[in-house]
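> What would the 3D arrangement of this be:
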Amino acid sequence: MARVVLDAGVIIGLYNDSDAHHSWAVDFMFQSAADELHVSALNYAEVSVGPIKAGLADPFFSGMNGLQIKIDKLTTKDIMSLAQFRVDTALRMPDVCAIQLAHRLDGILATTDKSVAKAALALGLQVFQP
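From the prediction side, this is the model:
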């Protein structure tokens, strides 16, 4: 069983059937059923904005709970590594949160973003991507 960190794009793709990565995200989730799935609390908050705006918070959170994704909080111990990954990759902080969590868990990053995948690979992480 692998530890797999989901970035926001994977979750957005999963729940938005008009997203370009919807089919990949659905297939990925079926293939990862035996894996331990994680998401950074910041990424979880980020993907929650759309459903809350659309008045779909309850079904969204219910669905997410059903997926048994572990929500990993950020701690003060994470500050230095988050800042360093931000400097090293020049990515936005939400993207860095997913990379940093995958690194901290010695896990695999799942992303739909090519620039995030490229940065994670350059840092030595294994990546699942469309």
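> Going by C-alpha atoms from here, please, whenever you check contacts or count neighbours.
OK.
> Residue 78 should be in a helix, yeah?
Yes. Counting by DSSP: H, G, I helix; E, B strand; the rest coil, residue 78 falls inside a helix.
> okay, it: pLDDT?
On pLDDT, residue 78 comes in at 92.
> Would you mark the buried spots in the helix or strand hosting residue 82?
Residue 82 is part of helix 79-89 when elements are defined by DSSP states H and E. Within helix 79-89, the residues that qualify as buried are 81, 82, 85, 86, 89, counting by 16 or more other CA atoms under 10 Å.
> How far off centre is the helix or strand following that helix?
Toward the C-terminus, helix 79-89 is succeeded by helix 93-104 as the next helix or strand (DSSP H and E). Relative to its chain's centre, helix 93-104 lies at 8 Å (CA atoms, centre = their mean, to the nearest Å).
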